[in-house]
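Trainee: Everything below, folded, please.
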Amino acid sequence: MQKHCAEAERAKLKHTGKEGLAERLKAVEFMLQTLRILAVSMLIVAGMPHVGTAQHIPDHPKVGLVLSGGGAKGFAHIGVLKVLEEIEMPIDFITGTSMGAVIGGLYAIGYSAASLDSVVRSIEWNDLFSDATERRLMSMAEKPWEERYIASLRIRQKSVQLPVGLIAGQRVSSLLSRLTWSMHHVNNFLAFPIPFACVAVDIETGQVVRLTHGFLPEALQASMAIPTVFTPIEIDNKLLVDGGLVRNLPVDDALAIGADLIIGVDVGAPLKTAEDLNSLLAILDQAMSLHAARTTEEQRQKCDVVITPKFERLGFADFDDAGDFVELGERAARQALPQLLALKARLAADHRLPEIRASVPVKIDSIYIHKVTISGLRRVSKGLVQAELAIDPNMWISPKALDQAVSRIYSSQFFERVSYRLDPGSEGTDLTINVIEKDHDLLNFGARYDSRNETAFVLNATLRNLTGHGSALTFDLKIAGLTEADLAYFVHSGWRSGLGILVHGNANERVLDQFDGSQRSSRLKLRTFLGELFFGNIFSTTQTFGIGIRGEIVSTLPDIAPSFFEKDVHYVSSAFASFQVDTYDRLYFPRRGHQLNMEFDFATSKLGGNVGFRKFSFDWRAYYPVHSKVSLLSRLYFGGISSDALPVHERFFLGGVESFLGLRPQELSGTHVQFLQLGLQWELLKRRYIILRWNAGNIFDSWRFRLARDPYFSGFGLTFGMPTRIGPIDYTISFSNRHSNIAHLNIGYHF
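Mentor: Numbers count the residues shown, from 1 in each chain. I've put the predicted structure just below:
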């Protein structure tokens, strides 16, 4: 029989040939792919023990665990949970406020106390409570405008307004979404492995809102949205904020959903004594806490057991001390063991904790996206979101890749917040991207002082979607000894990630020093009007390549000069190609990364100008970390110009703290430049830097390269610097074989 089947199969293959075999292989491949999709979909639905069915709970008193808010002090709840697991205390319901809602919600969906301990210790909490876009995710179009301003105001409905919250909570939203992947599809919190509810406050009415249904990450974020710090979260047409304002220990809510006996964990701060009320801030804090303190005491009276950890020196903002909080919570729970064991003795003997407490939610390495939906768009084009998302239907994606895709959308600067939801289906997972568009523009202010230009101010207006979907218009007015106006208009193509158009205009006055050896011989004043059009991948996060056209009108006027200097006007029209890379981890005092600016200009009278030249420049800078506090730095800069009659402003220049240490600004000028810098940056104390640099180079009238000392100048510099809220402050001392001591002080962001 087997022999007959084998012969029949060979005959069939011989008859059908390669085409038949290929079709059968495709069928097998399709079947395996389908099985994989079904398997991952089942993991999404049952990534933790199944939650769609009701648990069997015997008819006896049911225990509710109530976790209060308290910022970082909420980590103590994890220590309490460790002890409750240890004594196998049955938990039938959980309610929580703020951080208590986050810890309680994650525990309710399947995280064990040990896994929660690992999670809170692994998170960079100080970075989490910030909406600043990570520099590595910021588009190349936005990076030139990064860290320039010390204050911002919103422009909304033709008026200037203060923000409703300092933080929209983008990073918090992303974290909660990732931690709750397996429960995105469960809208009923009472259907969790442990039924759960959290509380928030309707900021319009002051009423407590009990959240038992909805999207879990959104509910948790609403419960912890501290007013003026986080923007309110809108759920069911209500603006919700931190529930701790009214009910920091939600015992009534646990009783309302079915609890009979209550274990309360109160990590909130007690009211201050008269001795502690010794400042305006202390009195204001006390005034805001009076109502919550009174309601907390009322809620404590309804508990059967109250656990109150003692924190001593630790406060609500000490997120870096997560481990200490966990230990203090465990210590407090052990001190309450007699009451806990007495409470357990009142319960039926067969009532035990669900088995999920000993496990960790199933880790899902990737999911199969069947469908992508974008929700919340009003003005921004769908093409922009799709291009930055770069996730198509019928593809596999990892949690990390999904987070990065959401971050790319957010970093476009068009959205207040970007979140996502995963819903399993029969053919894969449906991905929904929810966006909240910014409904305001920005008015920004900046100021700085430096030894050369003295005090300068900048006023900026940034308007988004003013003239089209996926566009940004930014205008700078710089006021110093000389004035500059800069206008830039970006448009996202919507065709593919990063591709866009830049229209740029600039009008400025600046001075140009002329040197005879090491002595300044004259000073010229330049007035420039520039316009350019550039097309390339300007919205890419690390590199830009593109082409453009540029036109300039430059007037050269004698400022401090001999009488024979006359006014000169040049019209420069050019086509150019540009390639830029920027991977710095931060703009000021970077620890790692590269910056490259390479450009080729071709100016000709055929484009309408009165001068012609070809110009190439290559400027590369890099930081290499060799220790957690030490980085090596380098810079290589060279270029050349081919021209018979070159306008003075188009020359290369060396000199100054940002160009050549040991020379005065613009001390060297010419048509060919060669420059090398090496150095070391050391973080001597936290956010306090010492930078040692050596450089060598020169400017020539024709290209030359000879490894000898004679053609090159060299210089050294020592910088002391630190970042501050008003920008970097740095002081540099430099010297060279031309000058013995040149000092430079900078205070504030560069612009």
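Trainee: Can you tell me which helix or strand of the protein has the lowest average pLDDT?
Mentor: Using mean pLDDT, DSSP states H and E, helix 2-45 stands out as the lowest-scoring helix or strand of the chain, at a mean of 43.
Trainee: Work out which residue lies at the spatial centre of the chain.
Mentor: Residue closest to the mean C-alpha point of the chain, counted by CA atoms, centre = their mean, is residue 133 at 3.0 Å.
Trainee: you'd agree that one is in a helix?
Mentor: No. Residue 133: not assigned to a helix; according to DSSP: H, G, I helix; E, B strand; the rest coil it is coil.
Trainee: show me the contacts for the residue nearest to it when sequence neighbours are not counted.
Mentor: Of all residues not flanking residue 133 in the chain, residue 411 sits nearest, at 4.5 Å (CB to CB, 6 or more residues apart in numbering). Heads up, the C-betas are built off the backbone N, CA and C, glycines and all. By CB atoms under 8 Å, 6 or more residues apart in numbering, residue 411 lies in contact with 133-134, 137-139, 142, 541.
Trainee: before we move on, the earlier item: following the chain onward from the least confident helix or strand of the chain, which element is next?
Mentor: On the C-terminal side of helix 2-45, the closest following helix or strand by DSSP states H and E is strand 63-67.
Trainee: what's the offset of that following strand from the middle of its chain?
Mentor: 35 Å (CA atoms, centre = their mean, to the nearest Å).
Trainee: for stretch 183-194, same thing?
Mentor: 29 Å.
Trainee: List the buried residues for that stretch?
Mentor: Buried positions in stretch 183-194, judged by neighbour count with 16 or more other CB atoms under 10 Å: 183-186, 189-194.
Trainee: quick one, strands of the stretch 51-200 of the chain?
Mentor: Taking DSSP state E, counting those that start in this stretch as the test, the strands found in the stretch 51-200 of the chain are 63-67, 93-97, 151-156, 159-161, 165-167, 196-202.
Trainee: Which secondary structure elements does the second one sit against?
Mentor: Here strand 93-97 touches strand 63-67, helix 99-108, strand 196-202, helix 251-256, going by 3 or more CB pairs under 8 Å, 6 or more residues apart in numbering; DSSP states H and E.
Trainee: Just want the angle from that strand to helix 99-108.
Mentor: Interaxial angle of strand 93-97 relative to helix 99-108 (axes from the mean of the first three to the mean of the last three CA atoms, to 10 degrees): 150 degrees.
Trainee: Paired strands for strand 93-97, with orientation please.
Mentor: Here strand 93-97 has these sheet partners by DSSP bridges: strand 63-67 (parallel), strand 196-202 (parallel).
Trainee: Any chance of TSV for the ones you listed, columns mean pLDDT?
Mentor: Below are these laid out as TSV (pLDDT from 0 to 100):
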stretch	mean pLDDT
strand 63-67	96
strand 196-202	96
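Trainee: In JSON lines, list these along with mean neighbour count and distance to residue 739.
Mentor: Listed next are the strands paired with strand 93-97 as JSON lines, based on neighbours: other CB atoms under 10 Å; distance: least, CB to CB, whole Å:
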{"stretch": "strand 63-67", "mean neighbour count": "28", "distance to residue 739": "65"}
{"stretch": "strand 196-202", "mean neighbour count": "27", "distance to residue 739": "64"}
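Trainee: In CSV, list those strands along with distance to residue 478.
Mentor: Shown next, in CSV, are these (distance: least, CB to CB, whole Å):
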stretch, distance to residue 478
strand 63-67, 52
strand 196-202, 44
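Trainee: Identify whichever of those lies nearest to residue 89.
Mentor: strand 63-67 (7.1 Å; CB to CB).
Trainee: For the closest one, output the C-alpha coordinates as PDB.
Mentor: What follows is strand 63-67, C-alpha atoms only, in PDB (Å, rounded to 0.1, in the frame of the first residue of the first chain):
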ATOM      1  CA  VAL A  63     -11.500  41.100  50.600                       C
ATOM      2  CA  GLY A  64     -10.800  44.400  48.900                       C
ATOM      3  CA  LEU A  65      -7.200  45.800  48.700                       C
ATOM      4  CA  VAL A  66      -7.200  49.700  48.600                       C
ATOM      5  CA  LEU A  67      -4.000  51.400  47.500                       C
END
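Trainee: what does that strand contact?
Mentor: So strand 63-67 is contacted by 74, 77, 84, 89-97, 100-101, 103-104, 249-251, 253-255, 257-265, 299, 303, 343, 347 (CB under 8 Å, 6+ apart).
Trainee: are any of these buried, and which?
Mentor: Using 16+ other CB under 10 Å, the buried members of those are 74, 77, 84, 89-97, 100-101, 103-104, 249-251, 253-255, 257, 259-265, 299, 303, 343, 347.
Trainee: Could I get the contacting residues of residue 129?
Mentor: 167, 171-172, 229, 319.
Trainee: Pull out the buried members of those.
Mentor: Going by neighbour count (16+ other CB under 10 Å), these have 167, 171-172, 319 buried.
Trainee: Which of these fall in helices?
Mentor: Counted as lying in helices by DSSP state H, out of those, are 171-172.
Trainee: Turn the buried ones among the contacts of residue 129 into a markdown table, columns for pLDDT and distance to residue 377.
Mentor: Output for the buried ones among the contacts of residue 129, formatted as a markdown table (pLDDT from 0 to 100; distance: CB to CB, whole Å):
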| residue | pLDDT | distance to residue 377 |
| --- | --- | --- |
| 167 | 74 | 23 |
| 171 | 88 | 22 |
| 172 | 90 | 22 |
| 319 | 86 | 34 |
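Trainee: where along the chain do the helices fall?
Mentor: 2-45, 76-86, 99-108, 113-122, 125-128, 170-179, 216-223, 251-256, 280-300, 322-335, 337-345, 382-389, 399-411.
Trainee: any idea which of those scores lowest on pLDDT?
Mentor: Mean pLDDT is lowest for helix 2-45 among the helices of the chain, at a mean of 43.
Trainee: Residue 204 - nearest residue in space that isn't next to it in sequence?
Mentor: residue 239 (6.0 Å).
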